[in-house]
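Q: quick one, what's the 3D model for this:
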Amino acid sequence: MKVKGKRYQAATQGVDGAKRYALDEGIRLVKEAAPAKFDETVELSVRLGVDPRQADQNIRGAVGLPHGLGKPVRVLAFAKGEKEKEAQEAGAEFVGSDELIQKITGGWLEFDKVVATPDMMGAVGRIGKILGPRGLMPNPRSGSVTQEIGKAVQEIKSGKLEYRVDKAGIVHLPIGKVSFEANALFENARAVLVALMRAKPASAKGTYIRGMAVASTMGPGVKLDPADARILAA
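A: Sure thing, here's the model as predicted:
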């Protein structure tokens, strides 16, 4: 069994693995326990009471983080004509159509998010096998396929994130950096919880938010109280 390093072991000393912390306290502990010398990412994980095998419970969408993620996001926009100009003016780093599809087919993937106008999706579908597994395929449900391409680019640039429940019914999302003020991480986390509550399918029975945890890239996970989360998102 691999033994954790001394720095990690020291970081876990202040975290009670049997306790379920309030969100604000959990974030404080994560900031204090982050063991790495670099600015670690803080991630929130939420276990939902859904069955992702059911089409209406395979939850996905997008959420805007009020304080962003603390890093630049490179946006690629598939658009033509006036919509191409609109995406460029909104700040998209890469804008075009067939030429970008050819570059991606050749292995180029130097971008973080993808948006597209509806008329481009027939062509974009040709590279679905490349974009899909990487979570980059534009989708109308997340707002990344839209005629309002400029607005979509601006939202991504300002901190909008796409999310999707995994096979275990868990949503994982970054909520910022360890260097963020605790209140900024708290507000980003609360925005995620509000979005997930709004996405609750009518067919989901029983407790919806069943478990939560927050952790930094190299630090220990801190379990959170689901009841606190439900109150914050109400």
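Q: what are the phi and psi angles of residue 65?
A: Residue 65 adopts backbone torsions of phi -90, psi 120, taken as degrees, to the nearest 10.
Q: do you know how far it is from residue 164?
A: 16 Å (C-beta to C-beta, to the nearest Å). (Each C-beta comes from the backbone N, C-alpha and C, glycine too.)
Q: neighbour-wise, which of those two wins?
A: Neighbour comparison, residue 65 and residue 164: the larger count goes to residue 65, with 23 against 17 (by other C-beta atoms under 10 Å).
Q: next one, pLDDT for the residue lying closest to that one once chain neighbours are set aside please.
A: Nearest-residue entry for residue 65: residue 159, 3.9 Å, with adjacent residues in sequence omitted and distances by C-beta to C-beta, 6 or more residues apart in numbering. On pLDDT, residue 159 comes in at 81.
Q: need the contact list for residue 159.
A: Applying C-beta atoms under 8 Å, 6 or more residues apart in numbering, we find residue 159 in contact with 64, 65, 66, 67, 68, 69, 188.
Q: out of those, which sit inside strands?
A: residue 64 (DSSP state E).
Q: which ones among the contacts of residue 159 lie within helices?
A: Mapping the contacts of residue 159 onto helices (DSSP state H) picks out residue 188.
Q: for residue 179, which non-adjacent residue is closest in space?
A: residue 39 (4.9 Å).
Q: can you confirm that neighbour is in a helix?
A: No. Judged by DSSP: H, G, I helix; E, B strand; the rest coil, residue 39 forms no part of a helix; its state is coil.
Q: still on that earlier bit, of the contacts of residue 159, which is the nearest to residue 174?
A: Minimum distance to residue 174 across the contacts of residue 159 is 5.9 Å, recorded for residue 69 (C-beta to C-beta).
Q: report the buried residues of stretch 162-173.
A: Buried residues in stretch 162-173, counted by 16 or more other C-beta atoms under 10 Å: 162, 163, 164, 165, 169, 170, 171, 173.
Q: quick check: phi and psi at residue 31.
A: Dihedral angles (degrees, to the nearest 10) for residue 31: phi -60, psi -40.
Q: in contact with it, which residues?
A: By C-beta under 8 Å, 6+ apart, the neighbours of residue 31 are 42, 178, 182, 185, 216.
Q: just the ones of those in helices?
A: Per DSSP H, these map to helices at 182, 185.
Q: mark which of the contacts of residue 31 are buried, thanks.
A: Using 16+ other C-beta under 10 Å, the buried ones in these are 42, 178, 185, 216.
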